[in-house]
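Output the structure for:
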Amino acid sequence: MPLLEDALAALLGQAPLAAIILIVLFYELKAVRGETKAVRKEVGGEISALKRSIDSLRAVSLAAHRFVIDYMALKGLFTMDEASFLERGVKSIVGGDPFTEEEMAFIRSVLSKHVDDITLEEAEKLEKIFGEKWMKEGDVKALEAFYRASAIRGYVLQKALRKR
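Now for the predicted structure:
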């Protein structure tokens with residue numbers, strides 16, 4: 001049994017070194033955890049800032065498009081045929097999209113009309129519904145529907161300005 005006793009003595013002789021290594025590792029891991037928490041917090045802040053920037057870009061895209069459409073309406077650049085074409089496009093886009101029952105009823109009622117019978121208030125509300133869906137969900141189909149509805153609103157606005 002001298003071999004077993006020698007092995008045990010050797011292990012016991014190394015115990016203080018192993019204990020020191022374990023203590024050092026423990027404190028190193030604790031430091032790494034602290035750094036990890038700090039990095040997570042910093043990355044979380046950056047992600048929040050990125051989300052705010054994306055929301056701002058969404059809002060800017062809507063505002064810029066509305067500006068261009070209003071300018072085109074003031075210049076009288078829309079025709080009834082173009083507005084009808086855009087109206088049909090909106091109908092095809094919103095077919096399966098999830099809107100509230102109230103929104104879908106409104107969308108259907110407006111889009112069932114001839115484009116010349118759509119009021120400015122209806123066109124603005126239609127545009128608003130799609131714009132809000134784009135802003136909340138980033139739904140690209142909603143953005144396309146917004147663009148088309150915005151052009152329809154521009155046509156209706158142009159018609160109203162000509163009547164004055």
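
CA atoms for contacts and neighbours, from now on please.
Noted.

how about the nearest residue to Arg153, chain neighbours excluded?
Closest residue to Arg153 apart from its sequence neighbours, by Cα to Cα, 6 or more residues apart in numbering: Ala123 at 4.9 Å.

Run a quick neighbour tally on that neighbour.
Counted with other Cα atoms under 10 Å, residues neighbouring Ala123 total 23.

Can you give me the pLDDT of it?
Looking at Ala123, its pLDDT is 95.

residue ranges with poor pLDDT in the protein?
The chain contains residues with pLDDT under 70 at 1-27, 95-97.

What segments of the protein are helices?
2-75, 80-93, 101-111, 120-137, 140-163 (DSSP state H).

before we move on, back to that, could you tell me which residues make contact with the residue nearest to Arg153?
110, 149-150, 152-153, 156 (Cα atoms under 8 Å, 6 or more residues apart in numbering).

Nearest spatial neighbour of the most centrally placed residue in the chain, chain-adjacent residues omitted?
With distances taken as Cα atoms, centre = their mean, the residue of the chain nearest its centroid is Gly138 (3.4 Å). Leaving out its chain neighbours, the residue that sits closest to Gly138 by Cα to Cα, 6+ apart is Arg58, at 7.9 Å.

before we move on, the earlier item: pick the most deeply packed of the helices of the chain.
Scoring the helices of the chain by mean neighbour count under mean count of other Cα atoms under 10 Å gives helix 140-163 as the most buried, with a mean of 21.

In terms of secondary structure, what does that one contact?
helix 2-75, helix 80-93, helix 120-137 (3 or more Cα pairs under 8 Å, 6 or more residues apart in numbering; DSSP states H and E).

got the ones you listed as CSV, with distance to Ala160 columns?
Shown next, in CSV, are those (distance: least, Cα to Cα, whole Å):
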stretch, distance to Ala160
helix 2-75, 10
helix 80-93, 13
helix 120-137, 8
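
Let me know which of those is the nearest to Arg162.
helix 2-75 (9.2 Å; Cα to Cα).

Can you say which of the helices and strands packed on helix 140-163 is nearest to Glu102?
helix 120-137 (10.9 Å).

quick one: Lys37 and Val43, what's the gap?
Distance, Lys37 to Val43, by Cα to Cα, to the nearest Å: 10 Å.

again with Ser109
47 Å.

Check whether Asp70 really touches Val156, as I assumed.
No. Look at Asp70 against Val156 with Cα atoms under 8 Å: they stay out of range, at 10.5 Å.

what's the distance between Ser48 and Glu42?
10 Å.
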